[in-house]
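Participant: Below is the sequence, then the predicted model.
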Protein chains: 2
Amino acid sequence: MARDERGVTPRSEDFSSWYNELVTKAQLVERGPAKGTMVIRPYGYRIWELLQAELDHRIKETGHENAYFPLFIPDSYVKREAEHIDGFSPELAVVTHAGGKELDEPLVVRPTSETVIGEMMARWVSSYRDLPLLLNQWANVVRWELRPRMFLRTTEFLWQEGHTAHADEADAMRETRQMLDVYTEVARDIAAIPVVPGEKTPGERFAGAVRTFSIEGMMGDGKALQAGTSHYMGTNFARAFDIRYSTDAGELELCHTTSWGMSTRMIGGVIMTHGDDKGLVLPPKLAPYQVVIVPIARAGQAEPVLTAVRELAARLKAAGVRTHVDDRPQTPGFKFNEWELRGVPLRLEIGPRDLAAGTALLARRLGDEGKTPVALDAVPEVVVTELERFQRFLLRRAVDFRESRTSTVDSWQEFTEAVATGWASTPHCGRPDCEAEIKAATSATPRCVPVEAPGESGGCVRCGEPSAYGRRVLFGRAY
Amino acid sequence: MARDERGVTPRSEDFSSWYNELVTKAQLVERGPAKGTMVIRPYGYRIWELLQAELDHRIKETGHENAYFPLFIPDSYVKREAEHIDGFSPELAVVTHAGGKELDEPLVVRPTSETVIGEMMARWVSSYRDLPLLLNQWANVVRWELRPRMFLRTTEFLWQEGHTAHADEADAMRETRQMLDVYTEVARDIAAIPVVPGEKTPGERFAGAVRTFSIEGMMGDGKALQAGTSHYMGTNFARAFDIRYSTDAGELELCHTTSWGMSTRMIGGVIMTHGDDKGLVLPPKLAPYQVVIVPIARAGQAEPVLTAVRELAARLKAAGVRTHVDDRPQTPGFKFNEWELRGVPLRLEIGPRDLAAGTALLARRLGDEGKTPVALDAVPEVVVTELERFQRFLLRRAVDFRESRTSTVDSWQEFTEAVATGWASTPHCGRPDCEAEIKAATSATPRCVPVEAPGESGGCVRCGEPSAYGRRVLFGRAY
């Protein structure tokens, strides 16, 4: 497999190798010493912090409060909801010894926190006046992975998990859909990933949920990435943990609960949606550095250039632009390659001739427009405008790509062709064994029933039985 | 033990019961299901978020970058630094099973991350140009506690841990002291806790450190709380994990490393520094609600009052004040008690008569000034000023209290009297067995050798041997 001078296999040659090499080379992440764990390096963690800030703000705006629940969950709690434990038990990590002794009851390292939060909700809710109870936590969770992949499937990952309790189904469903909308908005407006929000088919539901919704993004290889989920639990967890409230009339009722989560997996989504042969391409809203300034100066000429560069950096920072000055001893060419690899949206070059002309050279990460000279005075204003353009361009490009790789199909032949390179929108019977047959034949699974799909009847693309959902289902291969 | 109508033992009667009852009654925290764990409720977690934001800002301003390292550390890593494992092994929680199987090598749940970060630093540092390497992470850590106490000693807690690598001792010591200064500033200016920064005696050092510094706050019962630590590790961890760099001259040298941490323990410090018989007293900079507005209105008169209250709340929020409107059906008296218990600095009451007069009644949590009518137009300005006054007042009161309970002593008799109710500043020989004798006789331990103490010789207050530190040592009983 040929690698270019950056040491990363081109995306166009081998998507999987490109991804695995790039996440390390771009200094986003490294394997941790324990199997399947990851070390998120500062450049990768900063992307997470920027995403967190945007999501946390929206979670608070919609009335939720952050809290923190314990990492360790008694084994007996996890077992209390039957479908939940069936879904999670193969993935659990278990603490059996602590404080130098064997524990009486093993402790599970949380794979998700429905159970411990359910136990606490039961203590906190007594009357209808306590509802809705709207909680969120930012935390690490652990799910043992046999085939780990950085950001996408790791033994430990970071996420937020929202957990809410409501008086009835209508209110809980409103919440479930509201948070699906929040995820859709964050993916689209911040990560520039035009995800499709929809409902999971029964076979793809969260363990213990009555209804599961997800956002699905199309990656650069045409596969789908589930980038956030929102679940309506019905009264399953309320029954298992006795979360009840007294109504205005004094009757005791079970709560209806929800949960919803978005994780560091999103970073993988950003990489696989926007990256190219040269490396990462970061949307400006998530770029640790939105612009890098490279001084171009030979020994003896450096000082005036560096002074101008620092002054420009200060003005850019004052304009709210995340700016980095690369004054390392390496050559400009080395730096250009490195910042392209690391996905910085804009680059400014300033040398003695630029300085004399009172300009800087502006280069874009997707540089089909070449380099543009910009008057130094105008740089902050131009950069802010160019960053907005870049953000919009990435989203539009991703929408175009997704549309070009999504086919509305009604025959099995068309279906197999569509899911070989992208997604198929098709009627489906909803039978689990038909889903299984399709997966065995094509590796494609039902990603979701898009919430915005128009009502439409039809025969299942595989077996011809009537459509179970009254609208088309999106199928694709998935991460 | 008498409890007042709030259901909390008065602080003046029993400090320990007061604390344990208050943290729950004020809805800060609850015991988690696994032994020694805590559930941090939204009101407590918001205090942590506010403290985090202040500290994170300063950590970044001083050039550090956030990253994230794995929760699970292979057993063999933790054992690589001899003193480190001796110090931590009784407190470790160990994962022995995962993914349905027994693991080949047990995984330790991090009690602190020197070892796994040391391993990564060794990969990332090769030349003097890579130094200093300045990292921080926000994370949960686990240390098995036999006698847990909410916020102060829990099996799992939240903290930040900074880890840095430097070319030489001078640079590493500069870092160690810089972060001690940052902690001192955050404690003083944000939490209104006038901590004493100083160096730990050898017996109180972190496991594996060459020098340990801490900040020590005096709690309302005269005991000390160690509220942050900053360690110079020398080359101990660099040697254990092979963190080496090549100098400008091409020679291979060991790095000098540091680590430093501040945790959710600080919340306990805030409670025990400022609280009183009526409950919590929160410094405005850490108060989830800085002002609570209580509408006082009988049925039929409520609407104009509520309209005025909401309009006022909007103006306060626009002025950057964290404002809460308590429009629950309970009586004003119930609400006053509850918000006093929960430590809200300022309360505004508005009833029909206030509305007619164009005023609101302002009450302070430390209400020796009674209630003051404030013109509605002037409320945001007055509130901002009063919050600043309140913050300054808490710090001054805590300084006065600490000074009143700290004695400069040179005789054993004076020493025992001083540490019965507070701190003693005294010469000490530095011998571990003398420290042990003092502890056995009085429960007091050397808290620190204050960095700002003037040079002074003298004989040990216990054994008469010459002072080991050339300055007085602060002794006290401690949490």
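Facilitator: Noted; the coordinates are in hand.
Participant: could you pull out the strands for the stretch 251-400 of chain A?
Facilitator: A:252-254, A:256-263, A:291-295, A:323-325, A:346-350, A:359-364, A:372-375 (DSSP state E, counting those that start in this stretch).
Participant: Is the fourth one positioned near chain B?
Facilitator: No. Between strand A:323-325 and chain B, judged by Cβ under 8 Å from any Cβ of the partner chain, nothing touches; the nearest distance is 11.9 Å. C-betas here are computed from N, CA, C, even on glycine.
Participant: What helices and strands are in contact with that strand?
Facilitator: For strand A:323-325, the helices and strands in contact under the criterion 3 or more Cβ pairs under 8 Å, 6 or more residues apart in numbering or on different chains; DSSP states H and E are strand A:291-295, helix A:302-318.
Participant: Reformat the ones you listed as JSON lines; add mean neighbour count and distance to residue B:207.
Facilitator: Supplementary listing: these in JSON lines, determined by neighbours: other Cβ atoms under 10 Å in any protein chain shown; distance: least, Cβ to Cβ, whole Å:
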{"stretch": "strand A:291-295", "mean neighbour count": "25", "distance to residue B:207": "41"}
{"stretch": "helix A:302-318", "mean neighbour count": "15", "distance to residue B:207": "41"}
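Participant: For chain B, which of the ones you listed is the nearest?
Facilitator: helix A:302-318 (12.9 Å; Cβ to the nearest Cβ).
Participant: ok, is the closest one in contact with chain B or not?
Facilitator: No. Helix A:302-318 does not reach chain B (Cβ under 8 Å from any Cβ); its nearest approach is 12.9 Å.
Participant: Also stretch A:99-109?
Facilitator: Yes. Applying Cβ under 8 Å from any Cβ, one finds stretch A:99-109 touching chain B at A:99-100, A:106-107, A:109.
Participant: circling back to that earlier point, figure out which of the helices and strands packed on strand A:323-325 is closest to residue B:346.
Facilitator: Closest to residue B:346 of those is helix A:302-318 (Cβ to Cβ; 34.5 Å).
Participant: Tell me which residues touch whatever residue of the stretch 351-479 of chain A ends up closest to chain B, please.
Facilitator: Chain B sits closest to residue A:479 of the stretch 351-479 of chain A, with a gap of 19.8 Å, by Cβ to the nearest Cβ. Applying Cβ atoms under 8 Å, 6 or more residues apart in numbering or on different chains to residue A:479 gives the contacts A:149, A:152-153, A:219, A:223-226, A:268, A:272.
Participant: confidence score at the closest residue to it other than its chain neighbours?
Facilitator: Spatial nearest neighbour of residue A:479, excluding adjacent residues (Cβ to Cβ, 6 or more residues apart in numbering or on different chains): residue A:225 at 4.9 Å. We note a pLDDT of 98 for residue A:225 in this prediction.
Participant: Export the helices and strands packed on strand A:323-325 as TSV, with columns for mean pLDDT.
Facilitator: Putting the helices and strands packed on strand A:323-325 into TSV (pLDDT from 0 to 100) gives the following:
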stretch	mean pLDDT
strand A:291-295	97
helix A:302-318	95
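Participant: so can I have CSV of these showing distance to residue B:443?
Facilitator: What follows is the helices and strands packed on strand A:323-325, written out as CSV (distance: least, Cβ to Cβ, whole Å):
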stretch, distance to residue B:443
strand A:291-295, 57
helix A:302-318, 52
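Participant: quick one: contacts for the residue in the stretch 101-250 of chain A that chain B sits nearest to?
Facilitator: Closest contact between the stretch 101-250 of chain A and chain B, by Cβ to the nearest Cβ, is at residue A:144 (3.6 Å). By Cβ under 8 Å, 6+ apart, residue A:144 lies in contact with A:36, A:90-93, A:155, B:98-100.
Participant: Tell me what angle the host helix or strand of residue A:107 forms with strand B:101-109.
Facilitator: Residue A:107 is located in strand A:101-109, with elements delineated by DSSP states H and E. Strand A:101-109 runs at 90 degrees relative to strand B:101-109, counting by axes from the mean of the first three to the mean of the last three Cα atoms, to 10 degrees.
Participant: Now do the same contact list for residue A:407.
Facilitator: A:414, A:417-418, A:422-425.
Participant: Now do the same for it: helix, strand or coil?
Facilitator: Of the three states, residue A:407 takes strand under DSSP: H, G, I helix; E, B strand; the rest coil.
Participant: what's across from it in the sheet?
Facilitator: On the basis of DSSP bridges, residue A:407 is bridged to residue A:424.
Participant: how close does it sit to residue B:469?
Facilitator: 78 Å (Cβ to Cβ, to the nearest Å).
Participant: which residues does the residue nearest to residue A:479 contact?
Facilitator: A:152, A:216-219, A:265, A:268-269, A:272, A:478-479.
Participant: list the buried ones in the strand holding residue A:107?
Facilitator: A:103, A:106-109 (16 or more other Cβ atoms under 10 Å in any protein chain shown).
Participant: what helices or strands is it leaning on?
Facilitator: Partner elements for strand A:101-109 (3+ Cβ pairs under 8 Å, 6+ apart): strand A:72-74, helix A:75-78, strand A:93-98, strand B:93-98.
Participant: Among those, pick out the one with the most neighbours on average.
Facilitator: Per-stretch averages of neighbours, counted by mean count of other Cβ atoms under 10 Å in any protein chain shown, single out strand A:72-74 among the helices and strands packed on strand A:101-109, with a mean of 25.
Participant: And what about residue A:23, helix, strand or coil?
Facilitator: Under three-state DSSP, residue A:23 comes out as helix.
Participant: pretty sure it contacts residue A:150?
Facilitator: Yes. The pair residue A:23 / residue A:150 is scored as a contact, 4.8 Å apart, by Cβ atoms under 8 Å.
Participant: Can you pull the residues that touch both of these two?
Facilitator: Overlap between the contact sets of residue A:23 and residue A:150, as judged by Cβ under 8 Å, 6+ apart, is given by A:29, A:268.
Participant: Next one: residue A:204 from residue A:211, what distance?
Facilitator: 11 Å.
Participant: More neighbours: which of those two?
Facilitator: Higher neighbour count among residue A:204 and residue A:211: residue A:211, with 20 against 17, using other Cβ atoms under 10 Å in any protein chain shown.
Participant: beta partners of that one?
Facilitator: Taking DSSP bridges as the rule, residue A:211 bridges to residue A:232.
Participant: returning to that earlier point: and which of the contacts of residue A:407 is nearest residue A:260?
Facilitator: Residue A:260 lies nearest to residue A:423 out of the contacts of residue A:407, by Cβ to Cβ, at 23.4 Å.
Participant: mind listing what that closest one touches?
Facilitator: Counting by Cβ under 8 Å, 6+ apart, residue A:423 has contacts A:218, A:222, A:224, A:402, A:405-407, A:447, A:474-476.
Participant: One more: residue A:117?
Facilitator: Contacts for residue A:117 (Cβ under 8 Å, 6+ apart) come out as A:69, A:135, A:163.
Participant: Sort out for me which of those are in strands.
Facilitator: Judged by DSSP state E, strands contain the following of the contacts of residue A:117: A:135, A:163.
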